[in-house]
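A.B. asks: Would you be able to build a 3D model of this:
(one chain, ligands or ions: 3)
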Amino acid sequence: MEFSIKSVGPDKARCDCIVVGVFESRKLSAPAQMVDKASGGYLSGILRRGDMEGRSGAALLVHGTPGIAAGRVLLVGLGKETEFGEKAYRDAVAASVRALKDTGSKNVVITLSELPVAKRNTDWQARQGALVVHETLYRSDQLKSKKDKAKPPLSAIAFTVAGKDAKSAAAALDQGEAIARGMDLTRELGNLPANICTPTYLAQQAQKLARECKLKCEVLDRARMEKLGMGSLLSVARGSHQPPRFIVLQYHGGKAKAKPVVLVGKGITFDTGGISLKPGAEMDEMKYDMSGAASVLGAFRTLAAMKLPLNVVGLIPTTENMPGGAATRPGDIVTSMSGQTIEILNTDAEGRLILCDALTYAERFDPDCVVDVATLTGACVIALGAVASGLMANHDGLAEELLEAGQASGDRAWQLPLWDDYQEMLKSNFADIPNISGSRAAGTITGACFLARFTKKYRWAHLDIAGTAWRSGKEKGSTGRPVPLLTHFLLKRAGKL
Ligand code: BES
Ligand code: MN
Ligand code: ZN
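C.D. replies: Ligands and ions are numbered 1, 2, ... in the order given. Reported below is the predicted structural model:
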């Protein structure tokens, strides 16, 4: 898709189709009024005949509008004018694209970007516009022997904005495209099955990304991990025939001495549960258990494309979690890189076991802050569903930044408490810490409490993306989240938002 920004009257925009909004009930938006005026009331005539109410999601393609430069007009419902906000804007852009992809329109101009959205500026509309269009047209056929039928003709989309906003909106549009490309990588990796996307494959993809984007990439093998004392990570890898990898990515866009942001992603390429084997139903979805890792790679792709003036480190511990003769047993005690001993009471709580060593490794970068991203707990899916990622942090300012980034990007998170009271749920009779609590209560929080024992030396936040990284059911597939949240967080830190 070719995106652009235009500052032109909607009646004069030369294109195959111009998209204008209609509020409930039948109230033309300002750009729609201009088209209506130029056409001698053609649109209001249509509304009067009752063909369009302006309900959100509705779309009506109109041919033969006189007096304007566009070949067609697409009327899109915006819902109630008083309720027109972030969601209504996104929904309207998505509805426009869905309606247009089955028409012959190649070049379209969308005027929805001119409608004021509370608390958001034109840049936001351009950035979100690119993201929503990309999302709506996305499809995955990487592993189908026959690719989906021909692409829709729709190939160029321009958003209209006032002349004074054009320059910064164009930059925001570029940001949106860069974020979308990062999400593509995340989705592609997430959707790949575990027989292809192994720890070795993930490491190769990281190296490829590093070559393309001029990042530094180092891949540690089992021997290096042993030397570093990553006993917890290695205990998860014991049951697998696939060798584990520890990926270290570095992006240097900031001042030499600026402390880096460290992003850590859970890279379990398949989670059977290990000896604490999972039930069979929907176990295929555990190929997505490397979505945290994939989102770190996606965020790096975006970061490099936007050339942000920041230093960022990406850490990806990656392994399978398999049962096997050499696999870790429930009750086994291992020593983490931090020196703390862990009693592994359930081998299915493996995410925290690989993350804790990565979090200790993070210390060597003297980080400004560390954010880990993980499909950590089924309990998070129960608590927040597919709408919000779970956020827990040991620093309120950092939590606030991430919550804001989530809101601004439409990729939201919701904070859960990480009070010391919950730490009491993690007690082992035999080791420093058990890998699970004795009760299922507050499972998302106790998972984070485990990680918190390894993050005392820096500001840290944890994103539990078990509910948001992929969709189940008919629409099964990776979502590319939380790349929008992570990249908005970085954009804001770089002063580009
Ligand atoms: N990868 C899973 C979490 C998960 C489960 C994500 C279902 C999405 C859907 C994780 O490794 C896991 O198995 N967690 C356990 C933790 C429990 C043993 C404390 C869980 O949530 O059941
Ligand atoms: Mn598990
Ligand atoms: Zn897992």
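A.B. asks: count of residues packed around the closest residue to Ala58 other than its chain neighbours?
C.D. replies: Using Cβ to Cβ, 6 or more residues apart in numbering and skipping residues adjacent in sequence, the residue nearest Ala58 is Gly77, 3.5 Å away. Backbone N, C-alpha and C define where each C-beta goes, glycine included. Residues near Gly77, counting by other Cβ atoms under 10 Å, number 23.
A.B. asks: so Gly77 sits right up against Ala95, yeah?
C.D. replies: Yes: Gly77 is within contact range of Ala95, at 7.1 Å (criterion: Cβ atoms under 8 Å).
A.B. asks: who touches both of these two?
C.D. replies: Ser56, Gly57, Ala58, Ala59 (Cβ atoms under 8 Å, 6 or more residues apart in numbering).
A.B. asks: filter these to the buried ones?
C.D. replies: Among the shared contacts of Gly77 and Ala95, those classed as buried by 16 or more other Cβ atoms under 10 Å are Ser56, Ala58, Ala59.
A.B. asks: So for the last one, what pLDDT did the model give?
C.D. replies: The reference is to Ala59. We have a pLDDT of 97 for Ala59.
A.B. asks: Could you do Lys149 as well?
C.D. replies: Model confidence at Lys149, expressed as pLDDT, equals 69.
A.B. asks: residue in the stretch 251-400 of the chain nearest to ligand 2?
C.D. replies: Asp348 (3.9 Å; Cβ to the ion).
A.B. asks: Nearest residue to that residue in space, please, no chain neighbours.
C.D. replies: Nearest non-adjacent residue to Asp348, counting by Cβ to Cβ, 6+ apart: Gly273, 3.8 Å away.
A.B. asks: Would you confirm that the one you found contacts Ala349?
C.D. replies: No: contact criterion Cβ under 8 Å: Gly273 and Ala349 do not qualify, at 9.3 Å.
A.B. asks: Who has more neighbours out of the two?
C.D. replies: For Gly273 versus Ala349, neighbours defined as other Cβ under 10 Å are more numerous around Ala349 (24 against 18).
A.B. asks: give me the element the more buried one is part of.
C.D. replies: For Ala349, there is no host helix or strand (DSSP states H and E).
A.B. asks: and it, what does it touch?
C.D. replies: Ala349 is in contact with Asn435, Ile436, Gly447, Phe450, counting by Cβ under 8 Å, 6+ apart.
A.B. asks: do Ile18 as well
C.D. replies: Contacts of Ile18 by Cβ under 8 Å, 6+ apart are Pro10, Val35, Ile68, Ala70, Arg72, Val73, Leu74, Val108, Val109, Thr111.
A.B. asks: since we're on the closest residue to it other than its chain neighbours, how many residues are nearby?
C.D. replies: The shortest distance from Ile18 to any non-neighbouring residue, by Cβ to Cβ, 6+ apart, is to Ala70 (3.9 Å). Ala70 is flanked by 23 other residues according to other Cβ under 10 Å.
A.B. asks: Test my guess that Ala70 contacts Arg14.
C.D. replies: Yes: Ala70 lies in contact with Arg14 (Cβ under 8 Å); the separation is 7.1 Å.
A.B. asks: Phe3 belongs to a strand, doesn't it?
C.D. replies: Yes: assigned with DSSP: H, G, I helix; E, B strand; the rest coil, Phe3 falls within a strand.
A.B. asks: Tell me the pLDDT of it.
C.D. replies: The predicted structure scores Phe3 at 98 on the pLDDT scale.
A.B. asks: Ok, Ser140 next?
C.D. replies: pLDDT, read off for Ser140, is 76.
A.B. asks: Pop the domain breakdown of this protein in here.
C.D. replies: Structurally, the chain divides into domains by automatic domain parsing as follows: 2-161, 181-493.
A.B. asks: just those: most buried one?
C.D. replies: Sort those by mean neighbour count, taking mean count of other Cβ atoms under 10 Å, and domain 181-493 sits at the top with a mean of 21.
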